[in-house]
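>>> Sequence first, then the predicted structure, then my questions.
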Amino acid sequence: MLNGRRILVGITGGIAAYKTAELARLLIKSGANVRVVMTEGGKAFITPLTLQALSGNPVHLSLLDTEAEAGMGHIELAKWAEMVVVAPASADFIARFTVGMANDLLTTLCLATEAPIAIAPAMNQAMWKNSRTQRNINELTQALNVYIWGPGEGEQACGDVGLGRMLEPEQLHACINNYFCHGPLHGKRVVITAGPTREAIDPVRYVSNHSSGKMGYALAVAARDAGATVELISGPVALPAPSGVKLTSVSSALDMLNAAEKATDQGCDIFIASAAVADYRPEAVPEQKIKKSQRKMVIELIKNPDIVASIAARPDKPFTVGFAAETQDVIAYAEGKLKNKKLDMIVANDVSDQRIGFNSEDNAVTVLWDGGSQSFSQQSKLILAGSIVELIVSNMQP
């Protein structure tokens, strides 16, 4: 798939730059044409001569390159590239790229190119977890034609352990190959529910829950990046719609069920029910606001339909993934839901832990399916979503 593809590799300042030499070798071996752009920081960790020898092309270093045709090297490179891969992408580069700066050759050509841009973050685990870095990453995930690959988890050069390692060259090579062969979910339609539902008490009041929708939105981005056509059915949240994803906004559980059934009727290969749907709703909703006239008020509640079980019971059932947000006996409850609702997979997490789950940027989950399970330690929901999508792909029937 990479034969003849034009890949522009950007190298920023980070110890992981040594891995990029192997990435360049793998790309060349696959038949790709590779050109390399290095920042000043990148040159401190690996020499341009090494990348020139591996790529077979001069390494580009300066925005004001007098040897470039018409002195417009950034425009030439921007038009040449079919994909830009920045590996390693430092926290500094990510910050500058996010706000649209153009103060070196690499950031300038990222503004000038119409090619997809893939970012492979590499930094200390504390820098990765920093709220400003996460804000930048969250913004980039909403951008059209920008992909975040990684980071991985493990021991770092400084001795710390955690998220922040650049993906291995083989992993990045696979990501690039998947992009050009349209990804493992190319041709698949994925429907995802996200966020809370609101169940009206009267015209101005409702009952709801603390779901932020962040996990569902991250899954929509991961499925999109894997090549799927994605419809996101979202309850009320304060999140921007991911680019390249169809967003259907709903309020109540009944609204969400209707939207889910309609979306499935239109064709659905994978249904992921990550929404925190209210289990009950008021039986009667008055047309006028209830006045505060009594010391106590009793509201009769009736059970809402089970959306994921309804989709899983269809004769044209898609691969159906549920979520089990529990506060105790998490795995036991999840196993029961997996079996009783006839799901293909379920993602279980402990929402009693304030560090993860509702309203958090991170999550820690156990994914269960018939005959298997895999646990993931606390990590960014964006990274976790990619791992969940990979598990779905590996467990679907060919």
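Received the coordinates, thanks.

>>> Could you break this protein into its assigned domains?
Per automatic domain parsing, the domain ranges recorded for the chain read 6-180, 189-395.

>>> what about the longest one, distance to the chain center?
From the chain centre to the centre of domain 189-395 is a distance of 16 Å (C-alpha atoms, centre = their mean, to the nearest Å).

>>> The domains of the chain: lowest mean pLDDT?
Of all those, mean pLDDT reaches its minimum on domain 6-180 (a mean of 88).

>>> From start to finish, how long is that domain in a straight line?
Distance between the two ends of domain 6-180: 11 Å, counting by C-alpha to C-alpha, to the nearest Å.

>>> Give me the distance between that domain and the centre of its chain.
For domain 6-180, the separation from the chain centroid amounts to 19 Å (computed by C-alpha atoms, centre = their mean).

>>> Counting neighbours, what do you get for the nearest residue to Y18 once chain neighbours are set aside?
Closest residue in space to Y18, ignoring its immediate chain neighbours: I46 at 5.8 Å, by C-beta to C-beta, 6 or more residues apart in numbering. (Each C-beta comes from the backbone N, C-alpha and C, glycine too.) The tally of other residues near I46 (other C-beta atoms under 10 Å) stands at 20.

>>> Can you name the residues that contact I46?
Applying C-beta atoms under 8 Å, 6 or more residues apart in numbering to I46 gives the contacts 11, 17-18, 20-21, 38.

>>> Likewise for V191?
For V191, the contacting residues are 230-231, 233, 260, 263-264, 268, 270-272, 318, taking C-beta under 8 Å, 6+ apart as the criterion.

>>> Do a quick rundown of the helices in the chain.
Ranges of helices within the chain are 17-29, 40-43, 48-55, 73-80, 91-98, 105-112, 125-129, 131-141, 169-180, 214-225, 253-265, 307-312, 330-340, 381-395, based on DSSP state H.

>>> Single out the most deeply packed of these.
When you average the neighbours per residue for each of these (mean count of other C-beta atoms under 10 Å), helix 214-225 leads with a mean of 28.

>>> quick revisit: what's the closest of the helices of the chain to Y280?
helix 253-265 (9.1 Å; C-beta to C-beta).

>>> elements contacting the closest one?
Here helix 253-265 is seen to pack against strand 189-194, strand 229-234, strand 270-273, helix 307-312 when contacts are counted using 3 or more C-beta pairs under 8 Å, 6 or more residues apart in numbering; DSSP states H and E.

>>> Out of the ones you listed, flag the one nearest A87.
The closest approach between A87 and any of these, judged by C-beta to C-beta, belongs to strand 229-234 at 25.8 Å.

>>> and the closest one, which strands flank it?
Strand 229-234 has the following sheet partners, assigned by DSSP bridges: strand 189-194 (parallel), strand 246-249 (parallel).

>>> could you dump those strands to JSON lines with distance to R205?
Putting the strands paired with strand 229-234 into JSON lines (distance: least, C-beta to C-beta, whole Å) gives the following:
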{"stretch": "strand 189-194", "distance to R205": "23"}
{"stretch": "strand 246-249", "distance to R205": "20"}
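
>>> Let me know which of the ones you listed is tucked in deepest.
strand 189-194 (a mean of 27).

>>> quick one: which of the strands paired with strand 229-234 is nearest N340?
Of all the strands paired with strand 229-234, it is strand 189-194 that lies closest to N340, at 19.0 Å by C-beta to C-beta.

>>> Please save the CA atoms from the closest one in CSV.
Taking only C-alpha atoms (Å, rounded to 0.1, in the frame of the first residue of the first chain), the coordinates of strand 189-194 have been written out as CSV:
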residue,chain,number,x,y,z
ARG,A,189,-20.7,1.9,9.7
VAL,A,190,-20.5,2.6,13.4
VAL,A,191,-23.2,4.0,15.6
ILE,A,192,-22.2,5.3,19.1
THR,A,193,-24.3,6.7,21.9
ALA,A,194,-22.7,9.1,24.3
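
>>> Nearest to L111, out of the strands paired with strand 229-234?
Proximity of those to L111 was assessed by C-beta to C-beta; the nearest stretch is strand 246-249, lying at 27.0 Å.

>>> just to revisit the earlier point, wait, which of the strands paired with strand 229-234 is closest to L301?
When the strands paired with strand 229-234 are compared by C-beta to C-beta, strand 189-194 sits nearest L301, at 21.3 Å.

>>> picking that back up, kindly reformat the helices and strands packed on helix 253-265 as a markdown table containing distance to A143.
Shown next, in a markdown table, are the helices and strands packed on helix 253-265 (distance: least, C-beta to C-beta, whole Å):
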| stretch | distance to A143 |
| --- | --- |
| strand 189-194 | 19 |
| strand 229-234 | 16 |
| strand 270-273 | 22 |
| helix 307-312 | 30 |
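
>>> Quick one: closest of these to E390.
Sorting those by C-beta to C-beta, the top spot, which is the nearest, belongs to strand 270-273 at 12.7 Å.

>>> Could I get the contacting residues of the closest residue to P305 other than its chain neighbours?
Taking C-beta to C-beta, 6+ apart, and ignoring the residues beside it in sequence, P305 has L257 as its nearest neighbour in space, at 5.3 Å. For L257, the contacting residues are 305, 307, 310, taking C-beta under 8 Å, 6+ apart as the criterion.
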